[in-house]
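Participant: dropping a prediction and its sequence here:
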Amino acid sequence: MPTTETFYEVMRRQGITRRSFLKFCSLTTAALGLSPATAAEVVAAMETKPRIPVLWLHGLECTCCSESFIRSAHPLVKDVVLSMISLDYDDTIMAASGHQAEAIIQEIREKYRGNYILAVEGNPPLNQDGMSCIIGGRPFLEQLKEAAADCKAVIAWGSCASWGCVQAAHPNPTHAVPINQVIHDKPIIKVPGCPPIAEVMTAVITYMLTFERIPELDRQGRPKMFYGQRIHDKCYRRPHFDAGQFVESWDDEGARRGYCLYKMGCKGPTTYNACSTVRWNNGVSFPIQSGHGCIGCSEDGFWDKGSFYDHVTDTRVFGIEANADRVGLVAAGTVGAAVAAHAAVSAIKRISKPAEFGDSEPGESKKQTGDRS
């Protein structure tokens, strides 16, 4: 279908009612974390703006980003791919192959110069003239540079494209690099994670379609709406962390009680992502909820930061003088001191309190009290 069709036109052609369309727009607004007042803008965008041509390239990667993307619950990936955007090239799921497939890239570059989105999954290797990753008989590095030359913006899917991930881990024999080290003259939206959350991926595309601009990014180029807070800040186990209640070994009593997994290597205190709020598999769960600590897969260089089960040693709590290794002792000491202080105050009050009718004087026996009455 021509890319000049709008999302609303495609939905109407598929038999979707106006009521269902408006409901979809309202849910999309909520999924983006936007105010309900902006729902009208989403409706207007879906009704009037043409579908965006997208070229989706694959470098060194494991296809986990695509696997995550196709499991989006809202919006459904079929709505994104068939109605919201025009996915003109994706060598993993496209029907075309060979020279016909590669010709699509050149056609989109010429026909939609400056108006298409380049989505990149994976990264380019620079050693051996890029021969560690060959697409269509030539290095992926060449394909990436050519496709990026005329695009409107670049989306770096996953930690491979954003940071380099496992391919760039030490000793990095292929000299794999994140795409921002190859593309320097285009805006790059990094959507890290190994893989990223499906709804985060589709929401980024939806935002760009709706508002015709890239979402607000942090200093590292990540959308603030999804990477603005640490997993630790919204984790349902956070109260246990603050109380000094930690899992000390797998399957101990603390694990059964759902205590904090920090001491088992959880990287939630240093990882920025939406796992603890958006969650996975249509919001069912996320790694910490299933009993395993966060491995920090959306952070730069997470493969080279030691074992997944080595905990962060400088996580500060209760002021700058304490860290999470001492928080249990601090919390226990605080509680003990509070109990002692309460007991002391109670004793002082009892001593200084005037005797009331029927009270025994300190040291009096029940017999004495009875005799006196």
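Facilitator: Noted; the coordinates are in hand. Numbers count the residues shown, from 1 in each chain.
Participant: quick check: closest non-adjacent residue to Asn273.
Facilitator: Computed as Cβ to Cβ, 6 or more residues apart in numbering, the closest residue to Asn273 that is not its neighbour in sequence is Ser298, at 4.5 Å. In short, each C-beta sits where N, CA and C put it, glycine included.
Participant: just Lys224 next, same as before
Facilitator: Lys224's closest residue in space is Glu216 (Cβ to Cβ, 6+ apart), at 4.9 Å.
Participant: tell me how many other residues crowd the one you found.
Facilitator: 11 (other Cβ atoms under 10 Å).
Participant: and if you look at the one 10 residues further on?
Facilitator: When counting by other Cβ under 10 Å, one arrives at 27 neighbours for Phe226.
Participant: again, but for Arg138
Facilitator: Counted with other Cβ under 10 Å, Arg138 comes out at 13.
Participant: if we can go back for a sec, can you name the residues that contact the residue nearest to Lys224?
Facilitator: 223-225 (Cβ atoms under 8 Å, 6 or more residues apart in numbering).
Participant: by neighbour count, which of these wins?
Facilitator: Pro223 (21 neighbours).
Participant: partners of it in the sheet?
Facilitator: Leu217 (DSSP bridges).
Participant: tell me the pLDDT at Ser97?
Facilitator: On the pLDDT scale, Ser97 is placed at 85.
Participant: check contacts around it.
Facilitator: Contacts here follow Cβ under 8 Å, 6+ apart; on that basis Ser97 touches nothing.
Participant: distance of it relative to Ile135?
Facilitator: Note on Ser97: its distance to Ile135, by Cβ to Cβ, to the nearest Å, is 12 Å.
Participant: would you map the strands across this protein?
Facilitator: Along the chain, the stretches classed as strands by DSSP state E are 52-58, 85-90, 117-121, 134-135, 138-139, 153-157, 188-191.
Participant: low pLDDT regions in the protein?
Facilitator: For the chain, the stretches flagged by pLDDT under 70 are 1-4, 31-33, 82-83, 313-373.
Participant: tell me, what residue is most central in it?
Facilitator: Centroid-nearest residue in the chain, with Cα atoms, centre = their mean: Asn273, separated by 2.9 Å.
Participant: so it touches Gly193, yeah?
Facilitator: Yes: using Cβ atoms under 8 Å, Asn273 is in contact with Gly193, at 6.3 Å.
Participant: what is in contact with the two at once?
Facilitator: Going by Cβ under 8 Å, 6+ apart, residues that sit against Asn273 and also against Gly193 are Ser298.
Participant: hang on, the earlier thing: okay, the strands of the chain, which one's buried deepest?
Facilitator: strand 117-121 (a mean of 27; mean count of other Cβ atoms under 10 Å).
Participant: and Thr63, what does it touch?
Facilitator: Contacts of Thr63 (Cβ under 8 Å, 6+ apart): 92, 121.
Participant: where's the residue nearest to Phe308 when sequence neighbours are not counted relative to Thr271, distance?
Facilitator: Excluding its sequence neighbours, the residue lying closest to Phe308 (Cβ to Cβ, 6+ apart) is Ile295, at 4.5 Å. Separation of Ile295 from Thr271 (Cβ to Cβ) stands at 8 Å.
Participant: for Leu34, same thing?
Facilitator: 24 Å.
Participant: who has more neighbours, these two?
Facilitator: Shown here are Leu34 and Thr271; by other Cβ under 10 Å, Thr271 has more neighbours (23 against 17).
Participant: wait, that one sits on Cys294?
Facilitator: Yes: between Thr271 and Cys294 there is a contact at 5.4 Å, judged by Cβ under 8 Å.
Participant: joint contacts of those two?
Facilitator: Ile231.
Participant: quick one: contacts for Pro171?
Facilitator: Per Cβ under 8 Å, 6+ apart, neighbours of Pro171: none.
Participant: can you give me phi and psi for it?
Facilitator: phi -100, psi 10 (degrees, to the nearest 10).
Participant: alright, calling it a day.
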